[in-house]
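S.K.: Below is the structure, and that's it, no one-letter string:
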Ligand code: C5P
């Protein structure tokens with residue numbers, strides 16, 4: 001496997017920075033990429049992200065920016081300055097917001113991937129209805145994915161269960177980043193709609209976001225090596 005070639009993004013969801021660092025010390029950039037979300041970023045700030053980038057990891061900064069176009073564009077520029085590999089926005093911020101974010105990265109000569117969250121998987125039809133939205137979550141996800149594509153972004157976060165349908169509309173250059181992944185036989189935790197790494201890649205996922213099956217394992221490197229080898233020839 002080439003350096004930074006892994007399709008696995010390990011979700012670092014820790015309240016204790018030392019626990020996160022203990023795990024990262026065991027990992028190498030050829031084994032996986034890393035995701036830093038709102039909890040760790042709010043507790044430990046940009047220095048932690050810079051440290052991971054400096055150690056040569058591809059870092060997905062999962063802050064789901066959602067604000068007026070100018071503010072989101074500036075936030076994306078700031079994320080790019082940290083050296084991250086991927087960042088995201090909410091597609092519900094609209095076309096102009098997404099275009100401004102993309103333009104800011106292009107103007108900065110950024111190589112970072114900019115992707116969008118369509119509909120939070122925690123939201124069902126009744127949650128949308130309270131917001132005055134009559135569409136089903138999956139219909140809304142499809143139309144927001146199209147908006148994201150039309151705005152020139154590099155991909156979306158979606159469930160692996162939606163990947164086949166998304167892949168029928170968008171070619172491989174549009175990244176599908178899928179959480180809710182569980183290796184065969186591992187605990188589903190609080191995830192409801194899970195898929196194995198092999199099935200998710202076969203369904204069209206570009207990258208697999210995996211947290212607890214790796215972070216809570218006694219042998220995180222072993223788990224990563226097994227998954228990397230299972231999906232390497234797909
Ligand atoms: O531990 P686990 O594999 O369930 O972690 C999944 C990661 O993906 C977490 O960081 C979670 O916040 C994130 N995520 C998710 N479902 C989404 C979007 C993000 O599980 N729809």
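M.R.: Great, that's in hand. What you see is a predicted model; the values in this text were computed from it and never measured.

S.K.: switch to C-alpha atoms for all contacts and neighbour counts from now on
M.R.: Fine.

S.K.: Would you mind listing what in this protein touches the ligand?
M.R.: Selection of the chain residues close to the ligand by Cα under 6 Å from any ligand atom yields 11, 13, 120, 121, 179, 180, 191, 209, 210, 211, 212.

S.K.: Now with 5 Å, please.
M.R.: 11, 121, 179, 210, 211, 212 (Cα under 5 Å from any ligand atom).

S.K.: how close does the last one get to residue 187?
M.R.: Computed with Cα to Cα, to the nearest Å, the distance linking residue 212 and residue 187 is 9 Å.

S.K.: More neighbours: which of the two?
M.R.: The neighbour count for residue 212 versus residue 187, taken as other Cα atoms under 10 Å, is higher for residue 212 (18 against 11).

S.K.: list the contacts for that one?
M.R.: residue 11 (Cα atoms under 8 Å, 6 or more residues apart in numbering).

S.K.: Looking at it now. What's its pLDDT?
M.R.: For residue 212, the pLDDT comes out at 95.

S.K.: picking that back up, emit the PyMOL select command for whichever of the residues of the chain next to the ligand are buried.
M.R.: A single PyMOL command selects the buried members of the residues of the chain next to the ligand (16 or more other Cα atoms under 10 Å):
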select buried, resi 11+179+210+211+212
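
S.K.: pretty sure residue 44 contacts residue 17?
M.R.: Yes - the criterion here is Cα atoms under 8 Å, and residue 44 meets it with residue 17 at 7.4 Å.

S.K.: picking that back up, can you tell me which two in the residues of the chain next to the ligand are farthest apart?
M.R.: 121 and 212 (17.9 Å; Cα to Cα).

S.K.: which residue is nearest the middle of the protein?
M.R.: Most central in the chain under Cα atoms, centre = their mean is residue 177, positioned 5.1 Å from the mean C-alpha point.

S.K.: Go ahead and name everything in contact with the longest strand seen in the chain.
M.R.: Across the chain, the strand with the greatest residue count (assigned by DSSP state E) is strand 59-65. Here strand 59-65 makes contact (Cα under 8 Å, 6+ apart) with 9, 33-38, 49, 52-53, 72, 75, 79, 84-90, 116-117.

S.K.: Centre of the chain to the following helix or strand past that strand, how far?
M.R.: Scanning forward in sequence from strand 59-65 by DSSP states H and E, the next helix or strand is helix 69-82. Relative to its parent chain, helix 69-82 has a centroid offset of 17 Å by Cα atoms, centre = their mean, to the nearest Å.

S.K.: State which helix of the protein is the longest.
M.R.: Longest helix in the chain by number of residues, with DSSP state H as the criterion: helix 38-54.

S.K.: And that helix, what's buried?
M.R.: 40, 41, 48, 49, 50, 52, 53.

S.K.: Also stretch 5-15?
M.R.: 6, 7, 8, 9, 10, 11, 12, 13, 14.

S.K.: any weak-confidence spans in the protein?
M.R.: 1-4 (pLDDT under 70).

S.K.: got a list of what residue 78 touches?
M.R.: For residue 78, no residue counts as a contact, taking Cα under 8 Å, 6+ apart as the criterion.
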